[in-house]
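Undergrad: Prediction below, plus the sequence it came from.
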Amino acid sequence: MGIRERLETLSRGELVGLVVVVGVTMAGAGLWYVRSLPKPVQIAAEARGEAPAVSGAVPAEVSPTGPPIIVDVTGLVHQPGVYEFAQGDRVIDAVERAGGPRKGADLSVLNLAAPLTDGTQVIVPKQGAAGPAAVVPGAMGSDPSSGSLINVNTASATELEALSGIGEVLSAAIVDYRTDNGPFASVDDLESVSGIGPATLEEIRDQVTV
């Protein structure tokens with residue numbers, strides 16, 4: 001008897017049961033086949049050392065930094081000296097770095113908001129002292145014989161030694177005086193420095209400026 005004849009002998013309920021069995025068998029075979037297929041290998045971004053992308057995120061920009069600024073801070077501050085600053089620092093930063101103003105200092109003559117410039121000098125004067133701007137460039141000259149006048153408010157002790165009759169001791173005394181009392185208001189104020197009398201002042205008058 002063939003398969004067709006056998007199916008004709010089955011009742012309606014038996015046929016339905018047979019169809020269900022065949023369907024379940026085919027579905028199981030299909031599922032087994034799908035699972036047996038090779039799966040693609042996914043490599044996570046973290047495994048490659050990459051940070052996962054964040055939707056809408058903007059990469060942070062690194063702000064470039066310029067060369068350091070070197071400034072000489074002197075006058076009525078607690079710790080006068082040469083300090084290194086960053087681009088964008090202000091005069092107030094220089095005063096604070098030098099320990100802050102000493103008693104009797106006059107900050108009103110300074111523009112505390114002014115940006116610092118490399119190679120300049122910040123001088124914090126005493127109250128009542130009249131003089132040039134307290135933020136000045138470096139020494140204006142180092143050799144009187146060259147025709148350039150030496151600025152006694154900005155010149156170093158070594159540069160002051162080039163003046164006639166001013167040796168190591170008097171040059172140091174000039175620097176100490178302006179550190180303690182602020183910048184000289186005029187050349188005549190040099191006579192207030194211990195060791196500089198009228199004769200010495202007249203000898204160097206044509207070689208210096210303020």
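TA: Received the coordinates, thanks. Residues are numbered from 1 along each chain as shown.
Undergrad: Outline the domain layout of the protein.
TA: In the domain annotation for the chain, the residue ranges read 3-32, 69-136, 144-209 (automatic domain parsing).
Undergrad: Output those domains as CSV; include the columns mean neighbour count.
TA: The way it works is simple: take the backbone N, C-alpha and C, and place the C-beta from them, glycine included. What follows is the domains of the chain, written out as CSV (neighbours: other C-beta atoms under 10 Å):
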stretch, mean neighbour count
domain 3-32, 10
domain 69-136, 17
domain 144-209, 17
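Undergrad: Tabulate these (TSV), appending mean pLDDT.
TA: Output for the domains of the chain, formatted as TSV (pLDDT from 0 to 100):
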stretch	mean pLDDT
domain 3-32	66
domain 69-136	84
domain 144-209	85
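Undergrad: Neighbouring strands - and their directions - for the strand ranked longest in the chain?
TA: The strand spanning the most residues in the chain, taking DSSP state E as the definition, is strand 69-75. Taking DSSP bridges as the criterion, strand 69-75 sits next to strand 81-85 (antiparallel), strand 121-124 (parallel) in its sheet.
Undergrad: Not counting its neighbours along the chain, what's nearest Ala105?
TA: When the adjacent residues along the chain are set aside, Ala105 lies closest to Leu76, with 3.7 Å between them (C-beta to C-beta, 6 or more residues apart in numbering).
Undergrad: Quick check: the one you found vs Val187, distance?
TA: For Leu76, the distance to Val187 equals 21 Å [C-beta to C-beta, to the nearest Å].
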